[in-house]
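Chemist: A structural model of the following input is requested.
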Amino acid sequence: MTAANADETVQLIDSVDDAVSSVRTRQLDLSFNELADMYTTGELVVQPEYQRLFRWTEGAQSRFIETLILELPVPPIFLMETEENVYELIDGLQRVSSYLNFRGLLKVGEGDAQQPLKLEDCDIVEELNGHTYESLPPALVRRLKRNFIRAEILRKESDARLRYYMFKRLNSGGEPLEQQEIRNCTIRLLNPDFNDTVIKLSRNDDFKYCISTVAEAQKEKRYDEELVLRFLAFLKRGDEYRHELGEFLTEYMEDASDPDGPSIKTWDPVADPATFEKTFKILRLAAESNEAVGPKVFGSVNASGKIRGQFAVYHFEGFAFGLQGILERLDPSNTEQMKKLGSAIERIKGDRTLREFTGGGKNTAPAYRARVQFFANEIEKDI
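Modeler: Sure thing, here's the model as predicted:
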């Protein structure tokens, strides 16, 4: 081994050692009764971003309860210690929520606890089926409450970036989640401010009107929030888009959530939300001025150019970003200007050349740029 190679080896080992020393962990064996007590007193927190991902069927929940009653081994859960010495559940949502649900303690959102689970589909001890927590024999209740689970706890002293990447990997497996759901959960470990803004913007009335053709099932999986992220990422870094879209959005969200503070090139917490709000206010007013467009402003079109009620993401990109070059010239209070834009939207949607820019397989970087340029040029003709 040469001296240069030896130096590189030492540097590599030192880098690994530095990373290891930046992660501080501890292990605890907690009874499920302790977890329930911690949850009810606020010492164990399940954030709303995670609550929405509780997807086990009642049968799957029941079989987990059966596992606990039979004292079979279960995988560990992962907790993060906050500055307030509270534990946040990061990995293990399905297991912990199933237990809380059986106890009648699980709350979803700000509401009351949901109806307690009644066991079904238990396949080892079928006699458990039909039982609730209240109807179990006291001996089984005690066994259930005293059962332990290993908790891996990431201490608050750990480096924020390493903490984030650790749990990003944890939450990329297990239950199949949409990318935006994973981003929302894990990005909080870096800095929640940017993600909170994304969520807030997704509730903007003008934006909600414009994306009303998005299916409810997609919204439940945070597709509306992904569209906000998509807007902000391409607004700031559209010229840098080169590779797979999911990675592009994740990398942008990571940079915008950097605990050391993102650059204005990445994220301006004042100007960028203002641009978002003006863009969708103008699009809503323009769409409302044209009866043929209305809430189908991002609707797809059929072969004859008729606007349909199916959301088309390429129309979202085309109109949202095609406006940016003239956004400063647009005045939401100018009724005539809004009518002209509404007419332009209808005309563009009926343009037979539109398919060249919005058909299948048009999610590459060159296709994105050609699409935005097409929409920008067409809008410019009427405004």
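
Chemist: Alpha carbons of the helix or strand containing residue 197, in CSV - could you do that?
Modeler: According to DSSP states H and E, residue 197 maps onto helix 192-202. Presented in CSV, the C-alpha positions along helix 192-202 are these (Å, rounded to 0.1, in the frame of the first residue of the first chain):
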residue,chain,number,x,y,z
PRO,A,192,-40.1,21.0,9.9
ASP,A,193,-40.4,24.6,8.8
PHE,A,194,-40.3,24.1,5.0
ASN,A,195,-42.6,21.0,5.2
ASP,A,196,-45.1,23.0,7.3
THR,A,197,-45.2,25.6,4.6
VAL,A,198,-45.8,23.0,1.9
ILE,A,199,-48.7,21.6,3.9
LYS,A,200,-50.1,25.2,4.5
LEU,A,201,-49.9,26.0,0.8
SER,A,202,-51.7,22.8,-0.1
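
Chemist: tell me which residues in it are buried?
Modeler: Applying a neighbour-count criterion of 16 or more other CB atoms under 10 Å, one finds 194, 195, 197, 198, 199, 201, 202 buried in helix 192-202. To be clear about C-beta, it is placed using only N, CA and C from the backbone, and glycine gets the same treatment.

Chemist: Most widely separated two among the residues you listed?
Modeler: When the buried residues of helix 192-202 are compared pair by pair using CB to CB, the farthest-apart members prove to be 194 and 202, with a separation of 12.9 Å.

Chemist: In CSV, list the buried residues of helix 192-202 along with distance to residue 327 and pLDDT.
Modeler: Conversion of the buried residues of helix 192-202 to CSV gives the following (distance: CB to CB, whole Å; pLDDT from 0 to 100):
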residue, distance to residue 327, pLDDT
194, 22, 89
195, 25, 86
197, 19, 93
198, 20, 93
199, 24, 92
201, 16, 97
202, 20, 96
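
Chemist: Return the closest of those with respect to residue 230.
Modeler: residue 198 (10.2 Å).

Chemist: For the closest one, which residues are in contact?
Modeler: When contacts are counted by CB atoms under 8 Å, 6 or more residues apart in numbering, residue 198 touches 225, 228, 229, 232, 253.

Chemist: Any idea which of the residues you listed the model trusts least?
Modeler: Here the lowest pLDDT out of these sits on residue 253, with 86.

Chemist: tell me the phi and psi of it?
Modeler: Main-chain torsions, residue 253, degrees, to the nearest 10: phi -60, psi -40.

Chemist: gap between it and residue 328?
Modeler: Using CB to CB, to the nearest Å, we find residue 253 at a distance of 27 Å from residue 328.

Chemist: Neighbour count: these two, which is higher?
Modeler: Per other CB atoms under 10 Å, whichever of residue 253 and residue 328 has more neighbours is residue 253, with 24 against 8.

Chemist: Please verify my assumption that that one contacts residue 195.
Modeler: Yes. Between residue 253 and residue 195 there is a contact at 7.3 Å, judged by CB atoms under 8 Å.
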